[in-house]
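Visitor: Output the structure for:
(chains A and B)
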Amino acid sequence: QAIDDDCNQTGQLLAAMLDWPQGTFASRVELEDGAVRVQREVDGGLETLRLRLPAVLTADLRLNEPRYATLPNIMVAKKKPLEVIPAADLGVSGASPRLKVLQVQEPPARAGGEKVESVEALVEKLRQSGRI
Amino acid sequence: AMAWRAAPRAAARLLLGRRGIASCIDPSTGLTEDQKEFQKVAFDFAAKEMAPYMAEWDEKEIFPVETMRKAAQLGFGGIYVKPDVGGSGLSRLDTSIIFEALSTGCTSTTAYMSIHNMCVWMIDTFGNEEQRRRFCPSLCSMEKFASYCLTEPGSGSDAASLLTSAQRKGDTYILNGSKAFISGGGDTDVYVVMCRTGGPGPKGISCLVLEKGMPGLSFGKKEKKVGWNSQPTRAVIFEDCVVPVGNRLGAEGQGFSIAMQGLNGGRINIASCSLGAAHASVLLAQEHLSVRKQFGEPLANNQYLQFRLAEMATRLLAARLMVRNAARALQDGREDAAVLCSMAKLFATDECFGICNQALQMHGGYGYLKDYAVQQFVRDIRVHQILEGTNEVMRMIVARNLLQG
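Guide: Numbering: from 1, shown residues only, chains lettered A, B, ... in the order given. The predicted structure follows:
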């Protein structure tokens, strides 16, 4: 779930294209013989899957602590060569986006709520507005 | 309790306080991209590896060897030492920024690391090739630790009157005398010792590198201190201690100059440690003022306290600029570098102590409890006004520059 578009699709798409099993939001990964045991962060808590390898995993922030960059590495980072490969060289066609953004809008501003005096009044209000 | 524990975004908080607030004391302003990266690593390290333990290290007087070695792996063991012997080859300004950031995690430990760095630099700069290769790599990695030995029971501010004698005998020196208040003494491996090989005064002083285990080298009792408790302080005693001539840095008679040149950088480093403590204390005060309520309102609504906090921030920024200015002068080799380092050390250590002390006051009774970090910052930086040249000696240096320079 990338922080730019929040799509939560890339790993899953890749797994589908490769027809490999997937373990997304991995917070713990243990390799076994020919398989991997993945603990996933899901809404309801933690789910553990055992996937045959090869598999696609996506990492949750609880999976690891990133290493510290060392001072020497920070200094050489700028000098690392950045190889630019045109998409055509990789035989990738249709590099133009297939999605077109039609509209971006904020959610409606939150209107004020209402305090009620009793549970019965609450239930009545909910019924009146058709929510139950 | 609002103890100084690392939270997931502790490093960001250390850097900036709450989002959008306290940006006037943002320590990353005016820095290059690289410097911001170094600073970020140092703040991260301080928040995760040091801040959660600083109280325990202080209370139990633990010398955090493993944590410092982790820091050394990132390049913090020889920050301004040349890379060919394992140093990071960074500038004095880079160094100041790093120590300032690390100090927000534990001032005492960072101050020791700065002393260690100073010693490695002295060997790197004044040692011959053989000495550099023999000592620097294991010091840069902090496989071994170093101590700086100048002060004696009879000579503190009057450092050039030191008495420890080094008699030449064949291809060795025989050392007799003692050093006082040596940071790391007894626990460290390498000792950079200023001793008298010639006549009285500074020109009779040479610099020798000693190693723990040399016969005739022993240590006094571990001192009990108000702060700096994560580093042991002991007397270092020489009794017919035999040191090879090959352990002398530079020429005979050059020792005092080596010591003073080491201290120029050391003063910037100590001042930087004070900056870090003050920065952390301002953020602690800011947080406390926002949370604590009296007379029906958060303390932050009180104009006196607002003004006090503003003054603290202003003085912190002024001190920081003094220190960074001196660092630039030193790395550029400017003639006025030494006096600027003295001014910066004087100003920053005094101001920052005032800032930390004010921050403690703002915490009220809670500020006096060891559960709260602010008192440790106060205790730890109090000594910065005394060592590496007392602030009185700093005034002597500045006055001499004005009246005789």
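
Visitor: Run through who's touching whatever helix or strand B:Leu139 lives in.
Guide: Using DSSP states H and E, B:Leu139 maps to helix B:129-140. Here helix B:129-140 makes contact (C-beta atoms under 8 Å, 6 or more residues apart in numbering or on different chains) with B:72, B:77-78, B:81, B:85-87, B:116, B:119-120, B:123-124, B:127, B:144-146, B:190, B:209, B:246-247, B:249. The way it works is simple: take the backbone N, C-alpha and C, and place the C-beta from them, glycine included.

Visitor: what about 6 Å?
Guide: Residues outside helix B:129-140 that contact it (C-beta atoms under 6 Å, 6 or more residues apart in numbering or on different chains) are B:77-78, B:81, B:85-87, B:120, B:123-124, B:144, B:146.

Visitor: Quick one: name whatever helix or strand follows that helix.
Guide: strand B:146-149.

Visitor: Give me the contact list for that next one.
Guide: B:115-116, B:119, B:139, B:179, B:182, B:184-185, B:188, B:190-193, B:236.

Visitor: Dump the C-alpha coordinates for it into CSV.
Guide: Output of strand B:146-149 as CSV, limited to C-alpha atoms (Å, rounded to 0.1, in the frame of the first residue of the first chain):
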residue,chain,number,x,y,z
ALA,B,146,40.7,6.3,24.2
SER,B,147,41.3,8.8,26.9
TYR,B,148,42.9,12.3,26.9
CYS,B,149,45.3,12.9,29.8
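
Visitor: residues in contact with B:Ser161?
Guide: Each residue near B:Ser161 by C-beta under 6 Å, 6+ apart is listed here: B:Ser155.

Visitor: May I have the predicted confidence score for it?
Guide: On pLDDT, B:Ser161 comes in at 97.

Visitor: what's the answer for A:Val92, then?
Guide: At A:Val92, pLDDT is 76.

Visitor: Could you check how far it is from chain B?
Guide: Distance, A:Val92 to chain B, by C-beta to the nearest C-beta, to the nearest Å: 32 Å.

Visitor: That residue should be in a helix, yeah?
Guide: No - under DSSP: H, G, I helix; E, B strand; the rest coil, A:Val92 falls outside any helix and is assigned coil.

Visitor: picking that back up, and the two most separated of the contacts of strand B:146-149?
Guide: Across the contacts of strand B:146-149, the longest distance by C-beta to C-beta is 19.0 Å; it joins B:Leu139 and B:Lys179.

Visitor: then stretch B:300-311 to PDB, C-alphas only?
Guide: The C-alpha trace of stretch B:300-311 is given here as PDB (Å, rounded to 0.1, in the frame of the first residue of the first chain):
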ATOM      1  CA  ALA B 300       1.500  27.600  28.000                       C
ATOM      2  CA  ASN B 301      -1.200  30.200  28.200                       C
ATOM      3  CA  ASN B 302       0.900  32.000  30.800                       C
ATOM      4  CA  GLN B 303       2.700  35.000  29.200                       C
ATOM      5  CA  TYR B 304       5.700  34.800  31.600                       C
ATOM      6  CA  LEU B 305       6.300  31.200  30.600                       C
ATOM      7  CA  GLN B 306       5.800  32.000  26.900                       C
ATOM      8  CA  PHE B 307       8.400  34.700  27.100                       C
ATOM      9  CA  ARG B 308      10.700  32.500  29.100                       C
ATOM     10  CA  LEU B 309      10.400  29.800  26.400                       C
ATOM     11  CA  ALA B 310      11.000  32.300  23.700                       C
ATOM     12  CA  GLU B 311      14.200  33.500  25.400                       C
END
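
Visitor: Buried residues, that stretch. List them.
Guide: Neighbour counts using 16 or more other C-beta atoms under 10 Å in any protein chain shown place B:300, B:305, B:308-309 of stretch B:300-311 among the buried residues.

Visitor: Any residues of chain A in contact with chain B? List them.
Guide: When proximity is defined by C-beta under 6 Å from any C-beta of the partner chain, chain A lies next to chain B at A:68-72, A:74.
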